[in-house]
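S.K.: Below: sequence and its predicted model.
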Amino acid sequence: MNIQIAREVLLWCSIINYGLLVVWFLLLVLLHEWLYRLWGKWFRLSAEQLDAINFAGMVLFKLGVLLFNVVPYIALRIVG
């Protein structure tokens, strides 16, 4: 695999992962009450706890995408 292919793979991984993050955010905003009824009943969560868990998950996901996709992509752009 050459550097050009690695750059393209990392770019598309970043795009797809940020797309998933946007879908997660939209589902959380648009279906908040339904999610709260479903998950709150199963795990006895308050609305604030559900929001905190989702926010923490989104932050960790975004940090993972930055660390494992975006930063290597930028490094390969600088080097190559």
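M.R.: Structure's in. What do you need? Numbers count the residues shown, from 1 in each chain.

S.K.: which helices and strands sit right next to the longest helix along the chain?
M.R.: The longest helix of the chain (DSSP state H) is helix 3-30. Using 3 or more Cβ pairs under 8 Å, 6 or more residues apart in numbering; DSSP states H and E as the contact test, the elements touching helix 3-30 are helix 47-65, helix 71-79. All C-beta atoms are positioned from the backbone trio N, CA, C, and that covers glycine.

S.K.: Report the inter-axis angle for it versus helix 71-79.
M.R.: If you take axes from the mean of the first three to the mean of the last three Cα atoms, to 10 degrees, helix 3-30 sits at 140 degrees to helix 71-79.

S.K.: Can you give me the buried ones in helix 3-30?
M.R.: By 16 or more other Cβ atoms under 10 Å, the buried positions in helix 3-30 come out as Arg7, Leu10, Cys13, Ser14, Asn17, Tyr18, Leu28.

S.K.: Quick check: what element follows it along the chain?
M.R.: helix 32-43 (DSSP states H and E).

S.K.: mean confidence for that following helix?
M.R.: Averaged over helix 32-43, pLDDT sits at 90.

S.K.: how about that helix: buried residues?
M.R.: Leu35, Tyr36.

S.K.: got it, and stretch 67-80?
M.R.: Under 16+ other Cβ under 10 Å, the buried positions of stretch 67-80 are Asn69, Val70, Pro72, Tyr73, Leu76.

S.K.: pLDDT value on the fourth one, please?
M.R.: Predicted confidence (pLDDT) at Tyr73: the value is 97.

S.K.: again with the second one
M.R.: In the prediction, the pLDDT value recorded for Val70 is 98.

S.K.: if I look at it, how far off is Ala47?
M.R.: The gap separating Val70 from Ala47 is 32 Å, by Cβ to Cβ, to the nearest Å.

S.K.: Just the CA atoms of the worst-scoring helix or strand of the chain on mean pLDDT, as CSV, please.
M.R.: Least confident helix or strand of the chain, by mean pLDDT, DSSP states H and E, is helix 32-43 with a mean of 90. The C-alpha trace of helix 32-43 is given here as CSV (Å, rounded to 0.1, in the frame of the first residue of the first chain):
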residue,chain,number,x,y,z
HIS,A,32,-34.9,12.3,22.6
GLU,A,33,-38.3,11.5,24.2
TRP,A,34,-38.6,8.1,22.5
LEU,A,35,-35.0,7.2,23.4
TYR,A,36,-35.6,8.3,27.0
ARG,A,37,-38.7,6.2,27.3
LEU,A,38,-36.9,3.1,25.8
TRP,A,39,-33.6,3.3,27.6
GLY,A,40,-34.9,5.0,30.7
LYS,A,41,-37.3,2.1,31.3
TRP,A,42,-34.7,-0.6,30.6
PHE,A,43,-31.9,0.9,32.7
